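J.: everything below, folded, please.
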Amino acid sequence: FHYVYYTPELWYTSTRMRFYKFYLYLVLLIIASCFGLQSFAEVVPNQVIVKFKPGVVKLPKGVAISEIKTASVAAASVRALNAKYKVAKLEQMYKDALLIRPDWKHLENDYILTLTETTDAARAVREYKKDANVESAATNSYVRAFDVTPNDHYYVDEWGLPQIKAPSGWVKTTGSATSIIAILDTGINYNHEDLAAKVDLTDAKSYVSYTSDVLDDAGHGTAVSGVIGAVTNNGIGIAGVNWNTKLLPIKVLDQDGSGVMSSISQALAYLAALKTTGTNIVAVNMSLGQYNSGADKYAEEDPSNIKERCQEAFSAGIVLVAAAGNDNVNWNTYPAYYTTVLGVSAIDQNDKRSVWGGGQASNYGAWVDVAAPGTGIFSTNMNGGYLGGWNGTSLASPFVAGLAGLVKAANPAMTSTQIMNQIKTFADNIDALNPGFEGQLGTGRINCYRALAGLVSSLSSPSSGEYIRKIRSIIGTAGGWNFQKYRIDALKNDVVDTTIVSNVTTSVEAGPLADWDTTGRNGPYTLRLFVEAADGSTSEADVAVIVDNITPEAAITSPANGVAVAGSLQILGRATDAYLDRYLLEYGAGSNPASFQNIGTFYVSTSGLLGTWETAGLSGNYTLRLTAYDHVGNVSSESIALSVQPESPVKAAQASGTLPLTYALPNPFIRSASSETSFNYSLLGNFNATIFLFDLNGNLVWQKSYQAGDNGGKSGANSPAWDGRDLYGAEVVNGVYLYQVTADKKIIARGKIIVLN
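T.: Numbering: from 1, shown residues only. Prediction:
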């Protein structure tokens with residue numbers, strides 16, 4: 001759809017800079033060989049692995065990881081070293097093995113010591129080695145996945161390949177030399193040094209000249225072909241997504257990058273027919289398309305029977321891939337719109353939808369299947385060289401087509417439907433990076449590693465740190481084309497507490513894996529999903545949760561049930577729980593209140609003073625209620641009956657005569673957005689209170705009175721509501737209104753509110 005060429009001057013500058021980079025790289029290689037430089041393991045900066053002599057270190061019984069202050073260290077010299085290097089934690093290294101085989105004494109004295117981050121781990125190792133109580137010491141070091149990195153000269157410029165995790169995917173496969181990816185485009189420069197060895201001219205065809213001449217005369221097809229399958233790891237040029245696939249050029253676009261839809265239909269019918277004869281066409285890339293011809297851009301159309309031809313090719317076992325378009329719209333584009341085709345949007349280096357300027361940006365929509373790199377792509381040029389700065393969904397589509405070929409090579413038995421689902425299912429969701437386009441860029445940016453992995457394990461629910469109770473459903477994915485079975489364990493202190501399910505042979509894609517009955521369990525747990533392949537390889541996913549089946553304690557110890565109280569009342573008792581969320585103190589009139597007024601909401605577990613209730617201004621029988629909640633939703637409550645004795649209330653207004661803070665929320669009060677607003681103010685005691693609302697001419701519009709102790713007339717915070725209607729139930733007109741709150745025969749609050757219909 002959209003592509004950008006460099007001028008010869010820009011090409012010269014780009015080439016010269018790459019020469020300097022290569023020269024510098026060559027000099028560094030020469031220096032390295034002269035001084036014998038080599039690659040060393042990457043040391044964990046704050047960890048030391050120490051094997052102590054028997055009896056030197058003991059951890060508390062049943063504990064495998066301990067803070068240094070709880071560990072028992074018999075040797076004074078070791079204690080001194082621990083203090084010198086500020087050892088914070090000791091972990092028994094082989095705790096899991098020893099849990100199964102406690103008789104393996106040769107493993108029980110190996111520990112991982114966690115030091116402060118600023119500590120020189122190598123120096124610490126040297127000193128621990130010298131101690132008579134230590135058998136051995138070594139630094140810990142990182143391991144990394146062995147990505148396959150090609151040696152092509154311009155690979156460093158191909159940001160899209162690491163972005164889609166191609167190097168990790170190439171560990172599984174680099175493609176099959178017996179497979180063919182057809183490219184419907186402007187042709188290919190089949191003499192290009194990085195393409196010639198892979199171009200299949202036997203079945204090549206031009207629907208522009210109606211000959212077998214498919215030489216590229218525009219450049220677009222050559223750039224697309226390089227992304228899909230440039231000769232890779234040959235020390236020159238660029239790397240392609242699919243190292244080994246053959247490239248079949250079908251020329252359907254002319255030197256201006258234009259063509260007709262009938263040519264696309266003809267080409268697809270031709271390829272479907274070839275497929276039936278045994279030609280191993282695994283995918284077709286179509287970096288082209290058109291919009292609806294009618295005024296309604298969202299009504300499905302079928303230009304030149306393209307929908308039927310896509311269905312035929314798809315049914316023949318060919319994966320169809322097409323660009324979504326570059327016009328910053330969500331209109332239907334064909335053939336990308338059809339369900340038999342993988343529609344591809346473009347993203348940049350930050351996984352954000354590509355925006356190229358000049359009004360051009362990647363198309364989007366609910367019909368898009370996936371996204372792939374499409375900004376600043378470096379690829380093969382039709383003049384025999386290489387070119388950077390290619391932009392467009394035209395360059396995103398070939399990343400997906402190349403991946404389709406890799407997935408087919410990794411599992412030849414997969415159907416076109418399965419390959420499409422594999423690519424979509426294991427894309428990385430990028431909705432959070434693209435606000436406003438959630439669900440409009442397909443399932444996300446393609447991920448070669450995940451799509452090619454024989455196993456995939458993930459846990460989506462419960463989420464990390466979630467509080468759970470009773471029976472909890474575990475949601476996630478246990479699958480992959482090499483899937484055999486899965487199990488889920490619940491670990492307590494890194495030790496398996498229970499196996500929830502095991503040897504489940506049915507794969508699950510983003511669905512329920514098991515139900516865990518947590519009855520009788522409490523505290524932190526780790527849920528661990530193990531997925532196993534037929535070849536014995538495994539994949540796992542962990543999530544940390546907190547189990548809470550204990551109901552909070554809620555008890556009022558003072559005042560006693562049934563006593564008479566007056567004035568400012570201190571409420572004593574207990575609102576406790578290991579995972580308390582909050583507790584509420586409330587009161588209501590009578591022995592069975594119709595409603596309760598809030599005294600306070602508190603968020604700290606307490607045994608002692610719960611809160612203070614100002615009863616001045618109240619009289620009669622009341623119910624005092626304490627309710628405690630934990631994070632998972634367990635609730636406990638206690639209520640007591642009290643007789644409140646009348647007492648003169650404190651003054652409603654402050655001695656200085658200033659009015660307390662008051663405000664309306666929301667303000668402006670927009671009735672189309674909210675059904676009511678509230679007047680918010682605080683009282684120093686319980687009073688009969690009234691709110692008066694006036695227009696700007698001083699006319700009374702609305703008023704309401706509140707009993708002492710009710711919301712509107714209670715001590716502390718008040719927030720009585722107003723629905724925007726006048727004394728007669730009619731909606732007030734737009735405008736500014738003034739309100740005042742009176743209590744204790746005084747105006748104790750004033751404010752204004754804007755009303756909009």
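
J.: C-alpha from now on. contacts and neighbour counts both.
T.: Will do.

J.: quick one, strands of the stretch 601-750 of the chain?
T.: Under the criterion DSSP state E, counting those that start in this stretch, the stretch 601-750 of the chain contains strands at 606-614, 620-630, 635-644, 663-665, 669-670, 677-683, 689-694, 700-706, 716-718, 721-722, 735-743, 746-756.

J.: can I get those strands in CSV including distance to D577?
T.: Shown next, in CSV, are these (distance: least, CA to CA, whole Å):
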stretch, distance to D577
strand 606-614, 9
strand 620-630, 7
strand 635-644, 10
strand 663-665, 34
strand 669-670, 40
strand 677-683, 31
strand 689-694, 38
strand 700-706, 36
strand 716-718, 27
strand 721-722, 34
strand 735-743, 40
strand 746-756, 40
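
J.: among those, which comes closest to L585?
T.: strand 620-630 (4.9 Å; CA to CA).

J.: show me where the stretch 151-300 of the chain has helices.
T.: 160-163, 166-169, 220-229, 261-276 (DSSP state H, counting those that start in this stretch).

J.: tally of neighbours for the residue lying closest to I164 once chain neighbours are set aside?
T.: Once flanking residues are discounted, I164 sits nearest to N447: 4.7 Å by CA to CA, 6 or more residues apart in numbering. Neighbour count for N447, taken as other CA atoms under 10 Å: 26.

J.: do the same with the one 5 residues further on
T.: Here the neighbour count serves as a burial measure; for L452 (other CA under 10 Å) it reads 30.

J.: got the contact list for it?
T.: Residues near L452 by CA atoms under 8 Å, 6 or more residues apart in numbering: 169, 172-173, 406-407, 410.

J.: please redo it, this time with the cut-off set to 10 Å
T.: L452 is in contact with 166, 168-173, 403-404, 406-411, 422-423, 426, 480-482, counting by CA atoms under 10 Å, 6 or more residues apart in numbering.

J.: narrow those residues to those that are buried.
T.: Listed as buried from those are 166, 168-173, 403-404, 406-410, 422-423, 426, 480-482; burial here means 16 or more other CA atoms under 10 Å.

J.: tell me where the model's unsure across the protein.
T.: 1-43, 117-119, 141-147, 454, 481, 535, 648-661 (pLDDT under 70).

J.: for the stretch 1-150 of the chain, just list every one of the strands.
T.: Along the stretch 1-150 of the chain, counting by DSSP E, counting those that start in this stretch, strands occupy 43-52, 57-58, 65-67, 72-73, 89-92, 110-114, 134-141.

J.: can I get those in JSON lines with distance to A299 and mean neighbour count?
T.: Converted to JSON lines, the strands of the stretch 1-150 of the chain look like this (distance: least, CA to CA, whole Å; neighbours: other CA atoms under 10 Å):
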{"stretch": "strand 43-52", "distance to A299": "59", "mean neighbour count": "21"}
{"stretch": "strand 57-58", "distance to A299": "74", "mean neighbour count": "20"}
{"stretch": "strand 65-67", "distance to A299": "63", "mean neighbour count": "16"}
{"stretch": "strand 72-73", "distance to A299": "75", "mean neighbour count": "16"}
{"stretch": "strand 89-92", "distance to A299": "64", "mean neighbour count": "22"}
{"stretch": "strand 110-114", "distance to A299": "63", "mean neighbour count": "23"}
{"stretch": "strand 134-141", "distance to A299": "59", "mean neighbour count": "18"}
